[in-house]
Each structure stands twice: as C-alpha cells, then as structure tokens.
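Participant: make a model of this:
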Amino acid sequence: MSEQPSQASSNGFLQVGKLQFAYTSHGSENNPAIVLIRGLGTQLIDWSPVFLWALADAGLRVITFDNRDAGASSKLSESYSLNDMAADVVGILDKLETNAAHIFGISLGGMIAQLIAVNFPKRVNCLFSVMSSSGAPGLPTAAPEVREKMLEEASGMEAVIALDASNRELFGSPGYPETYEQRLAMATRAYDRCYCPEGVARQMEAAIGDGSRVERLKRITAPTLVIHGADDNLLPPECGEDTARGIPGAELKLIPGMGHNIPDSLAPEMATLVTSFISRHSGSVR
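Facilitator: Just a heads-up that it's a prediction; the model follows:
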C-alpha cells in the first residue's frame with residue numbers, strides 16, 4: 001500500500017445554503033465518489049489516513065467533510081435535525097457536481113447516512129452504516145461506567161486534551177490498540193483545530209430528536225453493508241445487528257477486536273470490506 005494517495009487531492013470550503021463546509025477530496029474527479037461522514041463532534045482530520053489512501057488507491061474519489069457544528073464548518077446557535085444534516089451531505093454532492101455516491105457513515109454519521117438513503121435514494125449507490133444504530137427503543141447501551149466516563153467534563157486546554165486521549169482508549173478497538181502517544185497527538189490536533197462542546201450538544205440533540213428509524217429503514221433500496229465492532233462498548237454489536245435486520249437485503253459484518261473507531265491498523269481491513277462490497281454491486285473499483 002502506498003503512503004499517500006496516488007491521485008490528486010484538494011481541500012477547501014463549500015457554501016451550501018447559509019452554511020459553509022470544510023471538505024477534502026482525494027482521487028480523480030472522474031472516479032466514483034464515496035462520501036465519509038464523521039460521528040458526534042469529530043472532525044475530518046480524525047479519519048485514518050491509511051483508510052483514505054486505500055480507498056483512493058482502489059479507484060475511488062474520497063470526499064470527507066466536517067459536519068455542521070464541528071471542525072472548520074459553520075457553527076450554529078439554533079437546533080436542527082438529523083434530516084437537516086443528511087440534506088447537508090446532498091448539498092455538498094450538488095456543489096461537487098456529483099449525482100450519486102457511495103455513502104459511508106460512522107456512529108452519528110451512520111445515522112445520517114441511513115437518512116440520506118431514506119430521503120434521497122437516487123443519490124446513494126451503496127450504503128455503509130458503521131458502528132451505528134437504528135435508534136430502536138430497548139437496544140443495549142454503553143455500560144454505566146463507560147457512560148459516566150464519557151460524560152466527564154474538563155476545564156482548560158491540557159485537561160480537555162488529556163480527557164480526550166483517555167476516552168479514545170476507552171472506546172477504542174482492543175484488537176487494534178493505539179499508543180498513548182498516538183492518542184495524545186490526535187486529541188491535541190483535534191483541540192487545536194476546533195473545540196466546540198456546544199456543537200457536540202446540538203448534534204446530540206439532533207440524534208436524540210430523530211428517535212427510532214426502524215420503520216424508515218424499511219424504505220432503503222441501496223445495497224447496504226452494516227459494519228460493527230464485536231467489542232464496541234459505546235454502541236454494542238446488537239445495535240448493528242438490529243440495523244442490518246431493518247434494512248431490506250442488508251449484509252452484516254461484525255469485526256472481532258473492533259471497538260468504536262477505525263485506527264490505522266484496522267484501516268486496510270475496513271477498506272477491503274468497502275471496496276469488495278462496491279465491486280460486487282457496481283464493479284466500480286480496481
């Protein structure tokens with residue numbers, strides 16, 4: 001695997017309605033597009049470069065962006081819905097003159113990806129709902145000690161960064177561990193680029209407000225692969241299993257040792273799952 005994308009890369013900002021979105025694009029604009037959607041409060045810089053490179057080298061145009069209220073994208077003061085966030089992604093595709101794309105979303109991003117497939121079926125070639133949930137009532141949640149740790153707050157730059165680095169181990173992948181130095185570097189980079197707890201709260205409000213998507217998932221027609229970590233302690237694997245049951249024809253892949261992230265060491269396996277699925281359903285990657 002190469003150490004950098006073999007195709008051209010670009011980055012910048014896109015104006016979608018009243019909002020501005022930071023984005024990057026790796027690979028030829030003539031390649032089939034895949035859009036990667038981040039989870040709660042995280043940023044486009046949190047994607048594993050190994051994952052991006054592998055997808056680009058496979059012949060995809062890899063589009064990443066910061067959700068509203070995260071990273072370098074617009075911050076809001078009012079509430080909004082997950083449907084609004086799904087429409088953001090379609091607006092980004094419009095700006096990039098891309099009629100349809102493969103849609104890959106993790107955690108909150110998986111929920112957004114589901115809604116793109118529900119609300120804008122013609123814009124989705126293949127759907128990847130990863131470490132996410134249908135929002136169905138009664139699904140298992142994180143253990144009390146995990147929830148307590150994730151709700152912990154810190155004051156001051158050093159304390160916030162230290163807490164983030166600690167939490168990255170808490171929800172990380174035990175089969176694909178990251179060193180403390182790696183986690184601290186990622187937490188520092190994220191803080192330096194954007195620290196916006198108010199945005200995280202608004203995104204969480206949107207997720208809670210969306211409720212159960214069980215009935216809506218029945219309307220998805222795109223070929224769908226649901227991927228979940230067998231060792232996810234934030235959204236237990238039953239959440240992925242339920243999502244796959246709810247989407248007609250969906251396939252499910254549980255990955256042993258995977259938690260609630262995609263570290264560099266897991267990225268090649270994840271990229272192979274994605275590109276193999278796309279090849280089977282569209283033949284669009286090498």
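Participant: show me how far stretch 79-90 is from its chain's centre.
Facilitator: How far stretch 79-90 lies from its chain's middle: 14 Å, per Cα atoms, centre = their mean, to the nearest Å.
Participant: list the buried residues in it.
Facilitator: In terms of neighbour count (16 or more other Cβ atoms under 10 Å), stretch 79-90 has its buried residues at Y80, L82, N83, D84, M85, A86, A87, D88, V89, V90. Every residue, glycine included, has its C-beta placed from N, CA and C.
Participant: can you tell me how far the fourth one is from D164?
Facilitator: When you say that, I think you mean D84. Using Cβ to Cβ, to the nearest Å, D84 is found at 27 Å from D164.
Participant: also the second one?
Facilitator: Going from L82 to D164 by Cβ to Cβ gives 24 Å.
Participant: so where's the stretch 1-150 of the chain uncertain?
Facilitator: 1-8 (pLDDT under 70).
Participant: quick one: which helix or strand includes I63?
Facilitator: Using DSSP states H and E, I63 maps to strand 61-65.
Participant: meant to ask about F128, not that
Facilitator: For F128, the element it lies in under DSSP H and E is strand 124-130.
Participant: which SSE is immediately downstream of that strand?
Facilitator: The first helix or strand that comes after strand 124-130 along the chain, using DSSP H and E, is helix 144-150.
Participant: Three-state assignment for N11, please.
Facilitator: strand (DSSP: H, G, I helix; E, B strand; the rest coil).
Participant: likewise for the one 4 residues further on?
Facilitator: Per three-state DSSP, the local secondary structure of Q15 is strand.
Participant: returning to what we had before: how far off centre is the strand holding F128?
Facilitator: Relative to its parent chain, strand 124-130 has a centroid offset of 11 Å by Cα atoms, centre = their mean.
Participant: give me the contact list for it.
Facilitator: Residues external to strand 124-130 that are found in contact with it (Cβ atoms under 8 Å, 6 or more residues apart in numbering): 32, 100-107, 109-110, 113-114, 116-117, 220, 222-228, 240, 243, 247, 262, 274, 277-278, 281-282, 284.
Participant: who does that strand pair up with?
Facilitator: The strands beside strand 124-130 in its sheet (DSSP bridges) come out as strand 101-106 (parallel), strand 224-229 (parallel).
Participant: looking at those strands, which is nearest to D210?
Facilitator: Smallest distance to D210 across the strands paired with strand 124-130 (Cβ to Cβ): 13.4 Å, for strand 101-106.
Participant: now restrict the contacts of strand 124-130 to buried residues only.
Facilitator: Applying 16+ other Cβ under 10 Å to these, the neighbour count classes 32, 100-107, 109-110, 113-114, 116-117, 220, 222-228, 240, 243, 247, 262, 274, 277-278, 284 as buried.
Participant: sorry, back to before: could I get the buried residues of stretch 79-90 as a markdown table with distance to P174 and secondary structure?
Facilitator: Listed next are the buried residues of stretch 79-90 as a markdown table, based on distance: Cβ to Cβ, whole Å; DSSP: H, G, I helix; E, B strand; the rest coil:
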| residue | distance to P174 | secondary structure |
| --- | --- | --- |
| Y80 | 35 | coil |
| L82 | 30 | helix |
| N83 | 35 | helix |
| D84 | 35 | helix |
| M85 | 30 | helix |
| A86 | 32 | helix |
| A87 | 37 | helix |
| D88 | 33 | helix |
| V89 | 31 | helix |
| V90 | 36 | helix |
